[in-house]
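> Provided below for reference: sequence and predicted model.
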Amino acid sequence: MKGDDVARILENLTNAEYHASEGISASGLKLIGRSPLHYWAAYLDPKREPRVETPALKLGTAIHTAVLEPMRFADEYVVVPDSAPRRPTSVQLNAKKPSDDTVAAIEWWAKFDEDTKDKTVISRDDLATCMSISERLRQHPAAQVLFRDGVPELSMYWEDAETGVVCKCRPDWLIHSTAIVDVKSTQDASPAGFARSVANFEYHVQAAWYLDGVKACTNDRSPSAFIFAAFEKDTPHAVAFYNADPDMIEIGRREYRRRLQVYANCLQSNVWPGYPAAITNLSLPAWVLKAANDNNNQE
């Protein structure tokens with residue numbers, strides 16, 4: 001993508017198409033933060049393994065669809081009926097004289113697979129999880145306002161003015177000139193618990209990246225807020241909505257700018273370094289030192 005093709009917004013792009021497209025994303029910058037070598041291994045290594053959707057990622061995608069696009073969820077996801085026969089084994093499929101029950105099962109599954117070839121099959125437990133989380137989020141007072149108007153899963157591309165690098169982002173829910181809503185799973189959605197998740201998983205870097213990306217793609221009509229819609233993975237799937245404060249956004253912006261420059265330098269030099277080559281002094285984390293000092297003071 002070059003020139004006029006860079007700054008653009010695409011609708012109806014699949015997750016797979018977005019991830020395969022040109023441009024560095026917030027996820028890519030996260031890997032750059034670990035080391036450029038990790039980014040190269042994940043995205044540029046000619047011998048890299050194909051991207052595989054894990055069960056956790058599959059469930060996460062289903063939850064996002066149920067929350068943000070419930071009508072599409074109903075069209076694209078299906079559960080195996082309780083009345084379905086056991087799926088035939090490879091031995092049964094290759095048997096010279098299969099039983100009548102096996103023949104019936106083979107025919108049933110052949111028809112089911114054909115009828116659902118364009119759908120995603122999920123377990124009944126996963127369906128219940130999707131419905132429970134979607135209901136919890138949608139019933140929250142903030143959701144009544146935020147999800148009233150907006151567009152899900154827009155794929156956005158722009159060229160960074162400072163580095164010339166092609167960038168991309170895919171906001172969960174965009175309310176033009178108002179807010180970006182990002183749906184996040186967490187173990188603890190309380191203010192203190194989710195703040196730890198923001199720091200640990202660098203959601204503040206993503207927040208700044210998305211806000212600036214939308215601004216670049218919409219002629220400076222930048223949303224004024226980045227809101228996390230946090231839900232707990234475990235029952236009762238408690239939810240909370242949090243607005244990223246200005247300090248969080250500014251710290252995230254400084255960090256993504258630093259990483260973007262590292263990425264641009266690596267693209268130019270085609271050198272993707274890993275961890276430091278020299279022997280480095282290693283200290284215990286600050287929280288361990290603090291705990292040790294506190295214990296000493298108590299003795």
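Received, thanks. These numbers were taken from a predicted model, which means no experiment stands behind them. Numbering: from 1, shown residues only.

> Going by residue numbers, what spans are strands in the stretch 51-200 of the chain?
77-79, 120-122, 151-152, 155-159, 166-169, 173-175, 179-186 (DSSP state E, counting those that start in this stretch).

> From T61, how far out is the nearest residue to Y77 once chain neighbours are set aside?
Distances taken as CB to CB, 6 or more residues apart in numbering put T120 closest to Y77, at 5.2 Å, once the chain neighbours are dropped. C-beta here means a position set from N, CA and C on the backbone, and glycine is covered the same way. Look at T120 and T61: by CB to CB, to the nearest Å, they are 8 Å apart.

> Also P191?
Between P191 and T61 the distance is 27 Å, computed by CB to CB.

> neighbour count winner among those two?
Taking other CB atoms under 10 Å, P191 and T61 do not tie; T61 has more neighbours (14 against 11).

> my guess is the more buried one meets H19, correct?
No - the pair T61 and H19 fails to qualify as a contact (CB atoms under 8 Å) at a distance of 11.7 Å.

> Isn't T186 up against G193?
Yes - the pair T186 / G193 is scored as a contact, 6.9 Å apart, by CB under 8 Å.

> who's more crowded, the two?
The residue with more neighbours, out of T186 and G193, is T186; 21 against 14, by other CB under 10 Å.

> before we move on, the earlier item: out of the strands of the stretch 51-200 of the chain, which comes closest to G274?
Nearest of the strands of the stretch 51-200 of the chain to G274, taken as CB to CB: strand 166-169 at 23.6 Å.

> Extract the C-alpha trace of the closest one and format it as PDB.
C-alpha atoms of strand 166-169 as PDB (Å, rounded to 0.1, in the frame of the first residue of the first chain):
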ATOM      1  CA  VAL A 166       2.400   1.600   7.100                       C
ATOM      2  CA  CYS A 167       0.300   1.100  10.300                       C
ATOM      3  CA  LYS A 168      -3.000  -0.600  11.000                       C
ATOM      4  CA  CYS A 169      -5.600  -1.100  13.700                       C
END
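
> Could you give the separation of it from the chain centroid?
15 Å (CA atoms, centre = their mean, to the nearest Å).

> Also stretch 260-272?
Distance, centroid of stretch 260-272 to centroid of chain: 24 Å (CA atoms, centre = their mean).

> cool, and stretch 82-91?
On CA atoms, centre = their mean, the centre of stretch 82-91 falls 33 Å from that of its chain.

> which residues of the chain score low on pLDDT?
Within the chain, the segments meeting pLDDT under 70 span 1-5, 220-221, 299.

> how close does the residue with the largest distance to the centre of it get to V103?
The C-alpha centroid of the chain is most remote from K97, which lies 47.9 Å away (CA atoms, centre = their mean). Distance of K97 to V103, computed by CB to CB: 10 Å.

> in the stretch 101-250 of the chain, which spans are helices?
Counting by DSSP state H, counting those that start in this stretch, residue ranges of the helices within the stretch 101-250 of the chain are 124-139, 141-146, 191-201, 203-217, 246-269.

> need the contact list for T129.
Applying CB atoms under 8 Å, 6 or more residues apart in numbering to T129 gives the contacts L59, I63, H237.

> if I look at the closest residue to T178 other than its chain neighbours, how far off is A244?
Closest residue to T178 apart from its sequence neighbours, by CB to CB, 6+ apart: P223 at 5.7 Å. Remark: distance between P223 and A244 (CB to CB) = 11 Å.
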